[in-house]
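Q: Model the following, please.
(one chain, ligands or ions: 2)
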Amino acid sequence: MAEPIRVVVTGAAGQIAYSLLYMISKGDVFGPNQPVILHLLDIPPMMGVLEGVVMELNDCAIPILRGVVPTDDPAVAFKDVSAAFLVGAMPRKQGMERKDLLAANVKIFKVQGEALDKHAKKDVKVLVVGNPANTNALICSRYAPSIPKENFTAMTRLDQNRALAEIARAINKPVDSVKNVVIWGNHSSTQFPDASSATVDMDGKIFNVVEVLKDDVWLNTTFVETIQKRGAAVIAARKMSSAMSAAKAASDHMRTWFRGTAPGEYVSMGVLSDGSYGAPKDVIFSFPVTVMGGKWSIVQGLKLNDNAKAMLTKTGDELCEERQEALVVIEA
Ligand SMILES: NC(=O)c1ccc[n+]([C@@H]2O[C@H](COP(=O)([O-])OP(=O)(O)OC[C@H]3O[C@@H](n4cnc5c(N)ncnc54)[C@H](O)[C@@H]3O)[C@@H](O)[C@H]2O)c1
Ligand SMILES: O=C(O)C[C@H](O)C(=O)O
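A: Numbering: from 1, shown residues only. Ligands and ions are numbered 1, 2, ... in the order given. Here you go, the predicted structure:
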């Protein structure tokens with residue numbers, strides 16, 4: 001069996017982590033034959049709760065979980081890690097937009113960027129989940145100059161999973177028969193969930209979702225708005241933000257990054273923009289990507305109509321505004 005890898009989860013005493021830690025421990029992310037040592041970071045007042053989480057992880061008796069390191073010290077948490085799930089941050093409440101969390105959360109990602117820079121492996125793969133995820137990931141990468149910028153990503157896989165589920169329901173097919181829905185831009189209500197290149201496998205034959213569904217009005221209106229506002233709808237119902245589905249998406253994101261995309265398949269990840277599709281440069285923008293050998297590449301050549309281009313401009317503008325605001329908060 002392989003040597004264990006060290007994996008850090010921040011916000012380890014919180015809601016998302018409670019589901020995510022089990023998924024990582026049982027091999028959903030790095031595979032059933034890859035032992036892991038989990039580093040669990042939270043803040044000092046949560047150390048008692050974290051002790052309970054450690055007890056439960058031990059009580060799961062999972063053979064590939066080779067160690068658990070609970071701590072409130074970033075230097076310990078980030079030491080020699082190969083993968084980092086940055087979950088720890090304040091969640092939004094009903095009536096807030098995710099960017100309203102910037103002032104409260106962005107400094108966390110400065111500190112954690114510095115700690116990654118000093119203590120993590122130089123090829124560490126970093127997934128930012130804590131909101132506003134795209135801008136937090138940008139700030140984190142800026143404070144970790146010795147780690148390549150492409151190793152910092154933000155999570156839009158939850159939006160992708162929501163979109164796949166919504167389309168599968170609309171065409172009455174299993175969710176794994178639908179592929180290549182794209183989430184463009186920010187993990188916010190300006191994101192553009194785009195089904196124009198999505199496909200569905202029907203009895204081994206591949207069809208375009210748009211042609212199967214034959215309902216452009218629904219795809220351009222209700223579908224888009226449902227995905228844009230799904231996080232708020234969960235908060236309104238649960239009085240807490242999504243956790244189980246967020247953990248599943250984080251697990252999916254990191255699994256794809258470590259183990260690759262299937263031929264012909266792409267997934268959405270918030271990655272450093274190179275200006276592809278007219279997106280602004282130097283923001284973390286969600287694009288369709290393929291992954292091979294642990295490296296992502298933006299899928300090129302997808303067609304965007306005028307409406308899609310306008311949607312990308314709107315979400316790109318929001319990311320530029322968030323970047324500006326984050327820099328003001330950090331420098332204050
Ligand atoms: N990108 C996405 O799709 C997505 C989906 C769901 C939730 N989120 C975001 O994820 C974050 C966490 O959500 P949750 O439901 O787990 O929240 P939660 O409040 O249940 O848990 C957050 C945990 O983070 C800890 N924490 C706070 N500051 C920390 C720090 N500096 N270092 C380490 N830990 C710290 C808290 O003590 C708490 O235990 C929120 O910002 C939420 O908005 C993102
Ligand atoms: O909506 C939120 O604030 C939580 C999360 O980002 C989500 O999409 O469910």
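
Q: Okay, buried residues for the top strand by length along the chain please.
A: Determined from DSSP state E, the single longest strand within the chain is strand 284-292. Buried residues in strand 284-292, counted by 16 or more other CB atoms under 10 Å: 284, 285, 286, 287, 288, 289, 290, 291. (Each C-beta comes from the backbone N, C-alpha and C, glycine too.)

Q: Please apply the same query to stretch 52-59.
A: Buried, per 16+ other CB under 10 Å, within stretch 52-59: 53, 54, 57.

Q: go on, stretch 92-109?
A: 92, 97, 98, 99, 101, 102, 105, 106, 107, 108, 109.

Q: Would you mind pulling the contact partners of that stretch?
A: Residues external to stretch 92-109 that are found in contact with it (CB atoms under 8 Å, 6 or more residues apart in numbering): 86, 88-91, 128, 130-133, 135-137, 139-140, 143, 187-189, 231-232, 235-236, 239, 241, 318, 322, 325-326, 329-330.

Q: first vs last residue of that stretch, how far apart are they?
A: 17 Å (CA to CA, to the nearest Å).

Q: right, is stretch 184-195 up against ligand 1?
A: Yes - legend: contact between stretch 184-195 and ligand 1 by CB under 6 Å from any ligand atom is shown at residue 187.

Q: With stretch 18-31 instead?
A: No - against ligand 1, stretch 18-31 shows no contacts by CB under 6 Å from any ligand atom, the least distance being 7.8 Å.

Q: who's in contact with whichever residue of the stretch 51-200 of the chain sits closest to ligand 1?
A: Nearest residue of the stretch 51-200 of the chain to ligand 1 (CB to the nearest ligand atom) works out as residue 88 at 2.6 Å. Counting by CB under 8 Å, 6+ apart, residue 88 touches 10, 11, 12, 14, 41, 42, 43, 108, 130.

Q: and if you look at residue 33?
A: 1, 2, 27, 64.

Q: Residue 119: which of those is nearest?
A: Nearest to residue 119, judged by CB to CB, of the contacts of residue 33 is residue 2 at 22.2 Å.

Q: how many neighbours does the residue of the chain found nearest ligand 1 have?
A: The nearest approach of the chain to ligand 1 comes at residue 14, 2.0 Å away (CB to the nearest ligand atom). Residue 14 has 22 neighbouring residues, counting by other CB atoms under 10 Å.

Q: May I have the phi/psi pair for it?
A: The phi/psi pair for residue 14 (degrees, to the nearest 10) reads phi -90, psi -170.

Q: The helix or strand harbouring residue 118 and ligand 2 in contact?
A: Assigned by DSSP states H and E, residue 118 falls within helix 102-119. No - Helix 102-119 does not reach ligand 2 (CB under 6 Å from any ligand atom); its nearest approach is 11.4 Å.

Q: quick one: strands adjacent to the very next helix or strand once past that helix?
A: Toward the C-terminus, helix 102-119 is succeeded by strand 125-128 as the next helix or strand (DSSP H and E). Taking DSSP bridges as the criterion, strand 125-128 pairs within the sheet with strand 83-86 (parallel), strand 152-154 (parallel).

Q: Contacts (any at all) between ligand 2 and the next helix or strand after strand 125-128?
A: Using DSSP H and E, the helix or strand that follows strand 125-128 towards the C-terminus is helix 133-142. No - Helix 133-142 is not in contact with ligand 2 by CB under 6 Å from any ligand atom; minimum separation 7.2 Å.

Q: element containing the residue of the stretch 151-300 of the chain at minimum distance from ligand 2?
A: Ligand 2 sits closest to residue 231 of the stretch 151-300 of the chain, with a gap of 2.2 Å, by CB to the nearest ligand atom. Assigning secondary structure by DSSP H and E places residue 231 in helix 230-238.
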